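Undergrad: Build me a model from this:
(chains A and B)
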Amino acid sequence: MTIEFTEVMIPVGELELGMHVIRLDRPWSETDFLIQGFIINDPDIIDALVQQCDFVYIEGKSIAESEHTKGSIPEPRAEKKGFFSRLSSGASSAQKKESRPLIKKPQSGRDGPPKGNKKISYINKISTEQALPSAKLAYSSAKRTVESIMDGIRIGRMIDMNEARETVNNIVDDILKNKDALAWLTKIKNKDAYTAEHSLNVSILSATFARHLGHDEVDIKRIALGGLLHDVGKAKVPTEILNKEGRYNEEEFAIMKQHPLFGRNLLMSMAKKDHSTIDVAHCHHERVDGQGYPRKLDASQIPYFAKIVAITDTYDAITSSRCYDNGRASMEALDIIYKCKGSQFDAELAVEFIKCIGVYPPGSIIELKTGEVGIVIETHENNKLKPRVLLVRDRNKVEKPQKIIDLNLNLKDKSGNTIQIAHELINGAHGVWLEDYIKRGLLLHKTAKADS
Amino acid sequence: MAVSDNLEKRQLVRLLCNEDFSSSRLNYEGTVFILQSINFHHQGMGLFDSNRLPDEKQCTISFSYKDNDELIEIHELPCIVLHSHETDTGNQYGIQFITETMTPDVFNKLLSIEASLLAQEDIGDRYGLYN
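TA: Predicted structure coming up:
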């Protein structure tokens, strides 16, 4: 028996709660709907669809018993596994493969991204607007967990791995439903809570990247856990060094560079060891050219999951504000990752990460070449440099009625020039604070009218 | 650092240093550091390295760029380390070239490099991943 997902055309008069709308009878940009594809969870959405469309396409399921599967136990389809299987089905085989870390061979259970039919394709199951409330709860809860873990280590408490896993499960569940909502939250950088937010952001980015690479849910959770605890060794660094305003002296810098070893030792002291997490904590500063720390491992010796976290760690570190400096734009971080592919970072993974994130990820505040200011609300998979943008400031940086434009439509300005993004701005530029829009819950379709 | 400070430095065009751009050699009175050239503008450039630079602002920079068959070389150009963002994953530096003592020849070389990079830039595919 196989389950196939198909598009079913349905008149708007027959819409019901719970249906997954995947396409309209007209371009999304001609409607008030901010995010493409959503599950109907509110009668108001049906009313809005009735007002704006004649018919829509919803996701339908067809179940067929094929000759191939008759009389045999069906193999789960790799492409669907991430959505419908949970830890119970995949964990045992994955965990059996796991073994103790050795110096000569990567030991994270994987050597690289899944290929061919092992690669899982994911789509957003719910809109960013719908995903955001849950994502906000997951983010604040996870941040408290990370802070509790770090504080606990400082007073000699053991890491509660069950709590860490539960946190990661919540994060990954949200990312599997929608990859953009938590990504929005990672764009808000609080310099006073750097270590906790950074660990959480690296976990979110790593899970999002693993989803992009097509890993199954079990591996996504293992990668996310590695991301969450990658810097756990920093809890052993004196807080006066960790939170120092200003440049580290050589001695302080040398102590900071011991955190991978501190993290490895902390995780090794656990009664039940999680070896892929230990590998990530120990090896996320190794480089594929053998010039990393603490062990100067060569590329073949660096565990695959650590290679993933090395990239997400750098991306978040470059784009984060610290007590002594503001973060840099996404493009600057991606420039570095691109230029350091094959030396600091695994080349294949570096390129895939850039494809995953895009120069202007959702939540980026950008200025157009027209001078107008907007927020990226979603990116197109095949052209992430031309996203859909919510315009919030006019060319004089004065607040204007919100309007959504889709740069992928190659819109022209009054002079006939194609409207393009000039550069990314930092949060708060021209009075545009991402937090304000997140607080509103992205309920933008009430106020924003799309530009056709 | 005020928001406006950080906003200002992002107004500059950042042209990705392609494979024709060499790494950069920073000279601190005889002590040399080789850094990855990240992005470029005729007034300055972005650099990155896993090692930290000394805590001094002034140095000289050398790099080269292959523009078709012509090799454009910049030797010991005085510069200032204007911004630094040092993290445990690597260190990013913003370099500003000192224009006051620059000869017209050097300035023209910098403009030529910028023009060549600009001509090659694909705004829709900055990293050449989709074509």
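Undergrad: quick check, A:Arg23 in a strand?
TA: Yes. Secondary structure assignment places A:Arg23 in a strand (DSSP: H, G, I helix; E, B strand; the rest coil).
Undergrad: tell me which element the nearest residue to it once chain neighbours are set aside is part of?
TA: Spatially, and ignoring its direct neighbours in sequence, A:Arg23 is nearest to A:Tyr57 (3.9 Å; Cβ to Cβ, 6 or more residues apart in numbering or on different chains). Every residue, glycine included, has its C-beta placed from N, CA and C. Secondary structure assignment for A:Tyr57, by DSSP states H and E: strand A:55-64.
Undergrad: what residue ranges in the chain are flagged as low confidence?
TA: Picked chain A for this. In the predicted model, chain A carries pLDDT under 70 at residues A:1-6, A:17-18, A:28-30, A:32, A:34-36, A:41-44, A:60-110, A:189-192, A:321-327, A:440-452.
Undergrad: You answered for a different chain; I wanted chain B.
TA: For chain B, applying pLDDT under 70 flags the ranges B:1-12, B:131.
Undergrad: And the longest helix seen in it, how far out from the chain middle?
TA: Once chain B is assigned using DSSP state H, the helix that runs over the most residues is helix B:104-120. Put simply, helix B:104-120 sits 12 Å off its chain's centre (Cα atoms, centre = their mean, to the nearest Å).
Undergrad: cool, and stretch A:157-170?
TA: With Cα atoms, centre = their mean, you get 19 Å for stretch A:157-170.
Undergrad: Does the residue nearest to A:Cys340 when sequence neighbours are not counted belong to a helix, a strand or coil?
TA: Distances taken as Cβ to Cβ, 6+ apart place B:Gln36 nearest to A:Cys340, at 6.2 Å, with adjacent residues excluded. Put simply, B:Gln36 is strand when judged by three-state DSSP.
Undergrad: roughly how far apart are B:Gln36 and A:Lys339?
TA: 5 Å (Cβ to Cβ, to the nearest Å).
Undergrad: Enumerate every residue touching A:Ala138.
TA: A:Asn170, A:Ile171, A:Asp174, A:Leu182 (Cβ atoms under 8 Å, 6 or more residues apart in numbering or on different chains).
Undergrad: among those residues, which are in helices?
TA: A:Asn170, A:Ile171, A:Asp174, A:Leu182.
Undergrad: With neighbour count and distance to A:Tyr315 added, can I get those residues in JSON lines?
TA: Conversion of the ones in helices among the contacts of A:Ala138 to JSON lines gives the following (neighbours: other Cβ atoms under 10 Å in any protein chain shown; distance: Cβ to Cβ, whole Å):
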{"residue": "A:Asn170", "neighbour count": "18", "distance to A:Tyr315": "22"}
{"residue": "A:Ile171", "neighbour count": "28", "distance to A:Tyr315": "17"}
{"residue": "A:Asp174", "neighbour count": "24", "distance to A:Tyr315": "20"}
{"residue": "A:Leu182", "neighbour count": "28", "distance to A:Tyr315": "15"}
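Undergrad: from what I can see A:Val392 touches A:Pro401, true?
TA: No. Contact criterion Cβ atoms under 8 Å: A:Val392 and A:Pro401 do not qualify, at 9.2 Å.
Undergrad: quick one, phi psi at the spatially most central residue of chain B?
TA: For chain B, the residue nearest the mean C-alpha position is B:Met45 (2.4 Å; Cα atoms, centre = their mean). When read as degrees, to the nearest 10, the backbone of B:Met45 gives phi -160, psi 160.
Undergrad: Nearest residue to it in space, please, no chain neighbours.
TA: Nearest non-adjacent residue to B:Met45 (Cβ to Cβ, 6+ apart): B:Ile95, at 5.3 Å.
Undergrad: Next, the one you found: phi, psi?
TA: In terms of degrees, to the nearest 10, the main-chain angles of B:Ile95 are phi -110, psi 130.
Undergrad: Any idea what it is bridged to?
TA: B:Met45, B:Val81 (DSSP bridges).
Undergrad: List the contacts of A:Thr418.
TA: Shown in contact with A:Thr418 (Cβ under 8 Å, 6+ apart): A:Asn410, A:Leu411, A:Lys412.
Undergrad: If you tally nearby residues, what's the number for the last one?
TA: For A:Lys412, the count of nearby residues is 10 (other Cβ atoms under 10 Å in any protein chain shown).
Undergrad: picking that back up, would CSV of the contacts of A:Ala138 with distance to A:Leu137 be doable?
TA: Formatted as CSV, the contacts of A:Ala138 follow (distance: Cβ to Cβ, whole Å):
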residue, distance to A:Leu137
A:Asn170, 8
A:Ile171, 11
A:Asp174, 9
A:Leu182, 11
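Undergrad: which residues in chain B form strands?
TA: Under the criterion DSSP state E, chain B carries strands at the ranges B:15-16, B:24-28, B:31-41, B:44-49, B:58-67, B:70-87, B:90-97.
Undergrad: Let me know which of these is tucked in deepest.
TA: Among these, strand B:44-49 has the highest mean neighbour count (mean count of other Cβ atoms under 10 Å in any protein chain shown), at a mean of 25.
Undergrad: for it, packing partners?
TA: helix A:330-339, strand B:24-28, strand B:31-41, strand B:90-97 (3 or more Cβ pairs under 8 Å, 6 or more residues apart in numbering or on different chains; DSSP states H and E).
Undergrad: ok, now with 10 Å
TA: When contacts are defined as 3 or more Cβ pairs under 10 Å, 6 or more residues apart in numbering or on different chains; DSSP states H and E, strand B:44-49 sits against helix A:330-339, strand B:24-28, strand B:31-41, strand B:58-67, strand B:70-87, strand B:90-97, helix B:104-120.
Undergrad: Show me which residues of the stretch 51-200 of chain A sit near chain B.
TA: A:His198 (Cβ under 10 Å from any Cβ of the partner chain).
Undergrad: Now the stretch 51-200 of chain A against chain B: closest residue?
TA: Sorted by distance to chain B under Cβ to the nearest Cβ, the residues of the stretch 51-200 of chain A start with A:His198, at 9.7 Å.
Undergrad: That residue: which element?
TA: Going by DSSP H and E, A:His198 is part of helix A:194-213.
Undergrad: If I follow the layout properly, A:Tyr304 ends up in contact with A:Ser276?
TA: Yes. Assessed by Cβ atoms under 10 Å, A:Tyr304 is found in contact with A:Ser276 at 9.2 Å.
Undergrad: re earlier: give the burial count for the residue of the stretch 51-200 of chain A closest to chain B, as a bare number.
TA: Neighbour tally, A:His198, other Cβ under 10 Å: 23.
Undergrad: Equivalent analysis for A:Pro27, please.
TA: Other residues near A:Pro27 number 12, with proximity taken as other Cβ under 10 Å.
Undergrad: Repeat that for A:Asn265.
TA: A:Asn265: 15 surrounding residues under other Cβ under 10 Å.
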